[in-house]
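**Student:** Return atomic coordinates for the entry below.
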Amino acid sequence: MTTVAIIPAGGTGKRMQNRLSKQYLPLDGKPLLAHILDIFELSPDIDEIVLVTPEEDIPAVRRTIVEPRGLSKVRHILAGGAQRQDSVRNGLAAVADNVEIVLIHDAVRPFISPQLIRQTVREAEKHGAVAVGMPVKDTIKKVDREGWIIETPDRRLLWLTQTPQAFRRSVIQEAYRRADEDRFYGTDDASLVERMGFPVKMIPASYENIKITTPEDLLMADYLIQHHRRTP
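**Tutor:** Sure, this is the predicted structure:
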């Protein structure tokens, strides 16, 4: 099966309080985005990468990250949109009709493993739509707009959703077509598929598969890298 990875990398550094967009922040000597692209480039389960960045960043990303690293699987570097969903939609437009599986991964989750990529692709081949995540550790409270507790959901049924998420191409393209038609914006790609009534399988990933959005997250990422270096 032909599998394409879409990497939406259109975020900014607002929550990072940094002039650099978060996907370009340095981690262990190279940009966050480079960590992700290196992993997908080496994955035998990925045939092609579609990278979506702010339009003004395209030349620099090609010159400073893609070409020096010899990232031959990066076939497209496209301009993103106003929101993440717009960027993924632009990426989907570049996916050829012969592609069977589309995997979508955040550009600021640098601790994805080759094993998780493989498992996600395999489960998408089997089920058609797959998300990854981990069970929540804390009790979750649902509150109203004034802060009063409405409900305490059973945490055994609650998961923290991560990426990658993977889908049959026909499923995710139809989900995006309907979302565009209805002007619906979801919080992740799986939510667009769910609203069609198509079942999405959740599989476990890792608590280390963190998303770098704040300075504290970057400190945790540095710790994880050093920890893995010390661990035989």
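
**Student:** going forward, measure contacts and count neighbours with C-alpha atoms only.
**Tutor:** Will do.

**Student:** Now the helix or strand containing A179 - C-alpha only, CSV.
**Tutor:** Using DSSP states H and E, A179 falls within helix 169-182. Extracted as CSV, the C-alpha positions of helix 169-182 are listed here (Å, rounded to 0.1, in the frame of the first residue of the first chain):
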residue,chain,number,x,y,z
ARG,A,169,-7.4,8.3,1.6
SER,A,170,-11.1,8.2,0.5
VAL,A,171,-12.3,8.4,4.0
ILE,A,172,-10.3,11.5,5.1
GLN,A,173,-10.8,13.3,1.8
GLU,A,174,-14.6,12.8,2.1
ALA,A,175,-14.5,14.0,5.7
TYR,A,176,-12.7,17.1,4.7
ARG,A,177,-15.0,17.7,1.8
ARG,A,178,-18.1,17.6,4.1
ALA,A,179,-16.4,19.8,6.7
ASP,A,180,-15.6,22.4,4.0
GLU,A,181,-19.2,22.2,2.8
ASP,A,182,-20.6,22.7,6.3
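
**Student:** Now do the buried residues in that helix.
**Tutor:** 169, 171-173, 175-176, 178-179 (16 or more other CA atoms under 10 Å).

**Student:** helices or strands next to that helix in the packing?
**Tutor:** Other helices and strands packing on helix 169-182, by 3 or more CA pairs under 8 Å, 6 or more residues apart in numbering; DSSP states H and E, are strand 101-104, helix 189-194.

**Student:** what about the ones you listed, which gets the closest to V74?
**Tutor:** strand 101-104 (13.9 Å; CA to CA).

**Student:** Residue ranges in this structure under the pLDDT threshold?
**Tutor:** 11-19, 232 (pLDDT under 70).

**Student:** mind listing the helices for it?
**Tutor:** 32-42, 58-61, 84-92, 114-127, 169-182, 189-194, 215-230 (DSSP state H).

**Student:** Just put those helices in JSON lines and tack on distance to S21.
**Tutor:** Converted to JSON lines, these look like this (distance: least, CA to CA, whole Å):
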{"stretch": "helix 32-42", "distance to S21": "10"}
{"stretch": "helix 58-61", "distance to S21": "12"}
{"stretch": "helix 84-92", "distance to S21": "14"}
{"stretch": "helix 114-127", "distance to S21": "25"}
{"stretch": "helix 169-182", "distance to S21": "26"}
{"stretch": "helix 189-194", "distance to S21": "22"}
{"stretch": "helix 215-230", "distance to S21": "12"}
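
**Student:** returning to what we had before: which members of the buried residues of helix 169-182 define the maximum pairwise distance?
**Tutor:** Greatest spacing in the buried residues of helix 169-182, by CA to CA: R169 and A179 (15.4 Å).

**Student:** got the contact list for the helix holding A179?
**Tutor:** Contact with helix 169-182 is made by 89, 92, 99-102, 128-129, 185, 189, 192-193, 196, as judged by CA atoms under 8 Å, 6 or more residues apart in numbering.

**Student:** ranking the helices and strands packed on helix 169-182 by burial, who's on top?
**Tutor:** Stretch with highest mean neighbour count among those: strand 101-104 (a mean of 26; mean count of other CA atoms under 10 Å).
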